[in-house]
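> Next comes the sequence, and after it the predicted model I'd like to discuss.
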Amino acid sequence: MTSETNLREQICLLAKSMFDRGLTGGSTGNISARTPDGGLLVSPTGTSFGRLDPARLSRFDPAGALIDGDPPTKEMPLHSAFYDTRTTAGAVVHLHSCHSVALSMMPDANADDFLPRLTPYAIMKLGRVKLLPFFLPGDPAMGDAVRGLAGKRSAVMLANHGPVVAGKGIEAACNAIEELEDTARLAMMTRGLSPLGLSDGDVERLVTTFDVEWEA
Ligand SMILES: O=C(CO)COP(=O)(O)O
Ligand SMILES: [Zn+2]
């Protein structure tokens with residue numbers, strides 16, 4: 001198998017795994033990954049994460065032209081904004097994961113630091129998560145909002161919609177977005193119970209030990 005064939009299989013396998021565990025339902029969510037030649041493989045619009053077909057993924061050349069496959073996700077401007085502003089991005093994933101969306105609707109949500117500091121992996125895998133306002137699905141203004149972050153954040157939460165995470169590769173991006181959803185779930189489970197989170201010192205040690213991007 002060529003490495004592009006492998007990548008196609010891996011995209012569909014990881015998407016199905018997330019679908020099967022209820023991380024995004026129906027035909028929601030989208031996923032993309034850089035190909036070895038500098039192009040992109042992208043989930044087609046209207047498809048279900050549970051049933052992506054490796055042979056029908058939208059394929060873009062390194063200049064951004066659609067070469068073959070089905071028409072791509074309507075969230076291309078969002079995905080492109082991550083690739084254009086973060087040279088390290090090898091994959092981007094977007095989900096409609098329930099607990100993250102719930103947390104984004106809380107009136108006291110922190111727009112600059114969306115996730116409470118509850119567990120180490122959220123900090124290690126995501127850094128600081130930016131909460132963006134609500135946009136209509138497919139609105140190119142979402143891409144502009146991500147470009148406005150100048151590549152300093154690997155993860156954003158679209159209010160009342162869902163998270164978007166960039167990673168070095170497809171597995172890293174999926175692991176990170178799962179961590180985002182798990183942390184949001186913990187936050188919603190413990191809401192109002194005054195949970196004891198990580199201390200500022202714990203966060204500082206995590207950031208330095210694991211070389212976390214922790215831009216203000
Ligand atoms: O999650 C989605 C829109 O935000 C799904 O849209 P697509 O089917 O176009 O990828
Ligand atoms: Zn969406």
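All right, it came through fine. Ligands and ions are numbered 1, 2, ... in the order given.
> mind listing what residue 117 touches?
Residues counted as contacts of residue 117 (CB atoms under 8 Å, 6 or more residues apart in numbering) are 123, 197-198, 202-203. Glycine gets a C-beta too; all of them are placed from N, C-alpha and C.
> is it true that residue 48 touches residue 30?
No: counting by CB atoms under 8 Å, no contact exists between residue 48 and residue 30, whose distance comes to 11.1 Å.
> out of the two, which sits in the more crowded spot?
When neighbours are counted by other CB atoms under 10 Å, residue 30 comes out ahead of the other of residue 48 and residue 30, with 26 against 16.
> Identify the bridge partners of the more buried one.
Listed beta-bridge partners, residue 30: residue 94 (assigned using DSSP bridges).
> what about it, distance to residue 194?
Distance, residue 30 to residue 194, using CB to CB, to the nearest Å: 37 Å.
> Got a quick PyMOL command for the buried subset of the contacts of residue 117?
The PyMOL command for the buried members of the contacts of residue 117 (criterion: 16 or more other CB atoms under 10 Å) is given here:
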select buried, resi 123+198+203
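> now the residue sitting nearest the centre point of the chain, what's its secondary structure?
Taking CA atoms, centre = their mean as the criterion, residue 165 is the residue nearest the geometric centre of the chain, at 2.1 Å. Recorded secondary structure, residue 165: strand (DSSP: H, G, I helix; E, B strand; the rest coil).
> ok now do it, which residues does it touch?
Contact partners of residue 165, counting by CB under 8 Å, 6+ apart, are 92-94, 126, 154-156, 173, 176-177, 180.
> can you map out the helices along the protein?
Shown for the chain, the helices assigned by DSSP state H span residues 3-20, 76-85, 98-104, 120-126, 141-147, 170-189, 200-209.
> how about low-confidence regions in the chain?
For the chain, the stretches with pLDDT under 70 are 1, 216.
> one step back: from the contacts of residue 117, pick the one nearest ligand 1.
Taking CB to the nearest ligand atom as the measure, residue 123 is the one of the contacts of residue 117 closest to ligand 1, at 26.3 Å.
> how close does the closest one get to residue 206?
Relative to residue 206, residue 123 is positioned 5 Å away (CB to CB).
> which residues do the two both contact?
Counting by CB under 8 Å, 6+ apart, the contacts common to residue 123 and residue 206 are 198, 212.
> Write out the residues of this protein neighbouring ligand 1.
Within the chain, the positions lying close to ligand 1 (CB under 6 Å from any ligand atom) are 27-30, 45-46, 73-75, 94, 96, 137.
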